[in-house]
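Student: Take a look and give me a structure for this.
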Amino acid sequence: MSDDDHYLRRPYLTLPGVTGMPNLREVIASMPNEQKHRFESSGEFIRRLAHRVTKWREGLQEDEEPAIFALMSNGDAVEVYTLGEDGHSSVVVEGNLNGSSCMFISHQSSFQIVCYTRKIEEEKPKRKIGFYVGGEEIEA
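Tutor: Next up is the predicted model:
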(Lines give C-alpha, C1' and ligand atoms only; values in the text may rest on other atoms or scores of the structure.)
Protein backbone atom coordinates (compact mmCIF):
# COMPACT_ATOMS: atom_id res chain seq x y z
CA MET A 1 0.00 0.00 0.00
CA SER A 2 1.19 3.50 -0.75
CA ASP A 3 1.29 6.35 1.78
CA ASP A 4 -1.93 7.71 0.24
CA ASP A 5 -3.72 4.52 1.34
CA HIS A 6 -3.03 5.40 4.99
CA TYR A 7 -4.13 9.07 4.92
CA LEU A 8 -6.46 8.61 7.92
CA ARG A 9 -3.61 7.41 10.11
CA ARG A 10 -1.04 10.02 9.15
CA PRO A 11 -0.29 12.62 11.82
CA TYR A 12 -1.98 15.97 11.29
CA LEU A 13 1.37 17.78 11.40
CA THR A 14 4.37 16.65 9.40
CA LEU A 15 7.76 18.25 9.20
CA PRO A 16 10.20 17.77 6.31
CA GLY A 17 13.16 15.59 7.21
CA VAL A 18 11.61 14.34 10.44
CA THR A 19 10.65 10.70 10.86
CA GLY A 20 8.04 9.39 13.26
CA MET A 21 5.58 11.51 15.20
CA PRO A 22 6.69 15.07 15.83
CA ASN A 23 6.75 16.33 19.43
CA LEU A 24 3.56 18.43 19.35
CA ARG A 25 4.54 20.40 22.46
CA GLU A 26 7.69 21.60 20.71
CA VAL A 27 5.81 22.35 17.50
CA ILE A 28 3.09 24.31 19.32
CA ALA A 29 5.64 26.16 21.48
CA SER A 30 7.38 27.42 18.33
CA MET A 31 4.14 28.62 16.69
CA PRO A 32 3.20 32.31 16.73
CA ASN A 33 0.34 32.94 19.18
CA GLU A 34 -2.21 33.62 16.43
CA GLN A 35 -1.42 30.34 14.68
CA LYS A 36 -1.41 28.46 18.01
CA HIS A 37 -4.81 29.96 18.86
CA ARG A 38 -6.23 28.77 15.49
CA PHE A 39 -4.71 25.28 15.86
CA GLU A 40 -6.45 24.84 19.22
CA SER A 41 -9.85 26.12 18.01
CA SER A 42 -13.02 24.08 17.66
CA GLY A 43 -13.27 25.37 14.09
CA GLU A 44 -9.95 23.77 13.18
CA PHE A 45 -11.01 20.53 14.86
CA ILE A 46 -14.24 20.48 12.83
CA ARG A 47 -12.43 21.34 9.58
CA ARG A 48 -9.98 18.44 10.10
CA LEU A 49 -12.82 16.06 10.99
CA ALA A 50 -14.74 17.05 7.85
CA HIS A 51 -11.63 16.39 5.76
CA ARG A 52 -11.12 12.98 7.35
CA VAL A 53 -14.77 11.97 6.86
CA THR A 54 -14.65 13.09 3.21
CA LYS A 55 -11.52 11.03 2.57
CA TRP A 56 -12.96 8.10 4.49
CA ARG A 57 -16.18 8.21 2.40
CA GLU A 58 -14.11 7.94 -0.80
CA GLY A 59 -12.86 4.52 0.26
CA LEU A 60 -16.22 3.03 1.24
CA GLN A 61 -18.31 0.59 -0.77
CA GLU A 62 -21.24 1.98 -2.78
CA ASP A 63 -23.74 0.64 -0.25
CA GLU A 64 -21.98 2.16 2.80
CA GLU A 65 -21.87 5.62 4.33
CA PRO A 66 -20.12 7.18 7.32
CA ALA A 67 -22.09 8.02 10.43
CA ILE A 68 -21.06 9.97 13.52
CA PHE A 69 -22.37 9.80 17.06
CA ALA A 70 -21.54 12.40 19.72
CA LEU A 71 -21.20 10.73 23.10
CA MET A 72 -22.75 12.48 26.08
CA SER A 73 -21.44 12.21 29.63
CA ASN A 74 -24.51 10.21 30.76
CA GLY A 75 -23.81 7.53 28.13
CA ASP A 76 -26.41 8.64 25.58
CA ALA A 77 -25.34 9.02 21.96
CA VAL A 78 -26.58 11.74 19.61
CA GLU A 79 -26.59 10.85 15.91
CA VAL A 80 -24.87 13.84 14.26
CA TYR A 81 -26.59 15.53 11.32
CA THR A 82 -24.57 18.76 11.53
CA LEU A 83 -21.55 19.82 13.57
CA GLY A 84 -20.46 23.44 13.95
CA GLU A 85 -18.25 25.69 15.98
CA ASP A 86 -19.78 27.70 18.81
CA GLY A 87 -17.19 30.32 19.60
CA HIS A 88 -13.53 29.44 19.85
CA SER A 89 -13.69 26.31 21.96
CA SER A 90 -17.19 24.83 21.85
CA VAL A 91 -19.03 22.69 19.34
CA VAL A 92 -22.74 22.52 18.59
CA VAL A 93 -24.36 19.37 17.26
CA GLU A 94 -27.75 19.10 15.62
CA GLY A 95 -28.94 15.55 15.53
CA ASN A 96 -31.21 12.85 16.81
CA LEU A 97 -31.45 11.50 20.34
CA ASN A 98 -33.75 8.52 20.91
CA GLY A 99 -35.93 9.44 17.91
CA SER A 100 -36.21 13.16 18.73
CA SER A 101 -34.47 16.12 17.14
CA CYS A 102 -31.98 17.73 19.47
CA MET A 103 -29.19 20.27 19.79
CA PHE A 104 -26.16 19.45 21.92
CA ILE A 105 -23.43 21.95 22.86
CA SER A 106 -20.12 20.91 24.38
CA HIS A 107 -16.70 22.32 25.11
CA GLN A 108 -14.33 20.66 22.68
CA SER A 109 -12.11 19.33 25.47
CA SER A 110 -14.90 17.02 26.64
CA PHE A 111 -16.41 16.34 23.21
CA GLN A 112 -16.18 12.70 22.17
CA ILE A 113 -17.37 11.13 18.95
CA VAL A 114 -17.44 7.74 17.36
CA CYS A 115 -17.38 7.38 13.58
CA TYR A 116 -18.52 4.18 11.93
CA THR A 117 -19.91 2.91 8.64
CA ARG A 118 -23.39 1.63 8.04
CA LYS A 119 -25.26 0.10 5.13
CA ILE A 120 -27.42 2.50 3.14
CA GLU A 121 -31.08 1.63 3.27
CA GLU A 122 -32.48 1.19 -0.23
CA GLU A 123 -35.40 3.58 0.24
CA LYS A 124 -33.21 6.36 1.64
CA PRO A 125 -30.59 8.33 -0.32
CA LYS A 126 -27.02 8.68 0.92
CA ARG A 127 -26.95 11.22 3.73
CA LYS A 128 -24.27 13.88 3.96
CA ILE A 129 -23.04 15.21 7.30
CA GLY A 130 -22.84 19.01 7.50
CA PHE A 131 -19.84 20.76 9.06
CA TYR A 132 -19.94 24.53 9.69
CA VAL A 133 -16.78 26.56 10.27
CA GLY A 134 -16.40 30.33 10.02
CA GLY A 135 -19.59 30.73 8.01
CA GLU A 136 -18.47 28.03 5.55
CA GLU A 137 -20.44 24.82 5.02
CA ILE A 138 -18.52 21.63 4.34
CA GLU A 139 -20.52 18.53 3.45
CA ALA A 140 -18.85 15.17 4.00
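Student: mind checking how far K124 is from R118?
Tutor: 11 Å (CB to CB, to the nearest Å). Quick note: C-beta positions are derived from backbone N, CA and C, even for glycine.
Student: The two: who's more crowded?
Tutor: R118 (11 against 8; other CB atoms under 10 Å).
Student: Would you indicate which residues of the longest helix along the chain are buried?
Tutor: Looking only at the chain and at elements set by DSSP state H, the helix with the highest residue count is helix 42-58. Within helix 42-58, the residues that count as buried by 16 or more other CB atoms under 10 Å are S42, G43, E44, F45, I46, R47, L49, A50, R52, V53, T54, R57.
Student: do the same with stretch 95-110
Tutor: Of the residues in stretch 95-110, those with enough neighbours to count as buried (16+ other CB under 10 Å) are G95, L97, F104, S106, Q108.
Student: Next, give me the two most distant ones among those residues.
Tutor: L97 and Q108 (19.7 Å; CB to CB).
Student: Run through the helices of this protein in chain order.
Tutor: Counting by DSSP H, the helices of the chain are 24-30, 33-39, 42-58.
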